[in-house]
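**Student:** Got a predicted model here, sequence first, then my questions.
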Amino acid sequence: MDPEVRKRLRWIELHNRLGNLSRVAMKCGISRPTLRKWISRYLQDGIPGLGSRNRRPKRSPKRRIGDIERAWILELRARHFGSRRIHSELVRTHGLQLSRTSIDKVLAQSGAKPLSRPKLNRKQLKRYAKENPGERLQIDTCKIGPARYQYTAVDDCTRIRVLALYSRRTAVNTLHFLERVIEELPFPIQCVQTDRGREFFADSVQHRLREYGIKFPTSKARFPSPERQSRAITANRY
């Protein structure tokens, strides 16, 4: 009999004789969870269950990275993608789940150079700012998690920010955030600048801005007008 198996069998025999888990663990110099584990294996499989099992993992991360996967990673790196972007692109295009640590190992083994960011000359930077508070307010949204959208408003003069969190990016939430911004800012708003998101160009939002006398750039038409469509159809006939 294997010495390890014989030792564990003595633990179980001592437990059967004393009937106290804590006393047996203290006498044998082991923890109670360890003793419970070997008792459970003995009751389930008998003496063969007291043998040491192979601790080798069933799946190894190295097995998942073959020549094809390695080529995908190097191809994405050639496009100057970092490990985070490579991870998302592998999931999106190939359905391959790899940790960023594994991707970094592949890049290190292939001798890929780390990405370098161009140094900015701060003397040549020109800060985008306005002279008067409220002259222009920038509003934008950003998804920070599942059903988590952050609305941000920044004044171009004072750099005062107003933040809010919503579950959706809609015109209703934009109106609610606009009321909050107007209430919290200590100066009137003259102009609002946003991107071309639909939550900003809804009719209700633009109507509210006109009520408050806040300037807002008009969006270009997403589709051609009916007159242009009819002209295009007529021109294609001939």
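**Tutor:** On my side now, so go ahead. Here the structure is a predicted model, which means the values were calculated and not measured.
**Student:** how does this protein divide into domains?
**Tutor:** 3-50, 64-109, 137-212 (automatic domain parsing).
**Student:** Need the mean per-residue confidence for the last one.
**Tutor:** Over the span of domain 137-212, the pLDDT mean works out to 93.
**Student:** returning to that earlier point: out of the domains of the chain, nearest to K119?
**Tutor:** Nearest of the domains of the chain to K119, taken as CB to CB: domain 64-109 at 16.4 Å. Heads up, the C-betas are built off the backbone N, CA and C, glycines and all.
**Student:** Find out how far that closest one is from the centre of the chain, if you would.
**Tutor:** Chain-centre distance of domain 64-109: 17 Å, with CA atoms, centre = their mean, to the nearest Å.
**Student:** which strands and helices sit next to the strand or helix carrying S204?
**Tutor:** S204 belongs to helix 203-212 when assigned by DSSP states H and E. Other helices and strands packing on helix 203-212, by 3 or more CB pairs under 8 Å, 6 or more residues apart in numbering; DSSP states H and E, are helix 171-184.
**Student:** Helix or strand next in line after the helix it packs on, which one?
**Tutor:** strand 192-193.
**Student:** Quick one: residues in contact with that following strand.
**Tutor:** Contacts to strand 192-193, defined as CB atoms under 8 Å, 6 or more residues apart in numbering, come from residues 136-139, 209, 214-217.
**Student:** May I have the strands that pair with it, each with its orientation?
**Tutor:** Note on strand 192-193: by DSSP bridges, its sheet partners are strand 137-145 (parallel).
**Student:** Taking helix 171-184 as reference, get the angle to the strand it pairs with.
**Tutor:** Using axes from the mean of the first three to the mean of the last three CA atoms, to 10 degrees, the inter-axis angle of strand 137-145 relative to helix 171-184 is 130 degrees.
**Student:** So which bits of strand 137-145 are buried?
**Tutor:** 137-139, 141 (16 or more other CB atoms under 10 Å).
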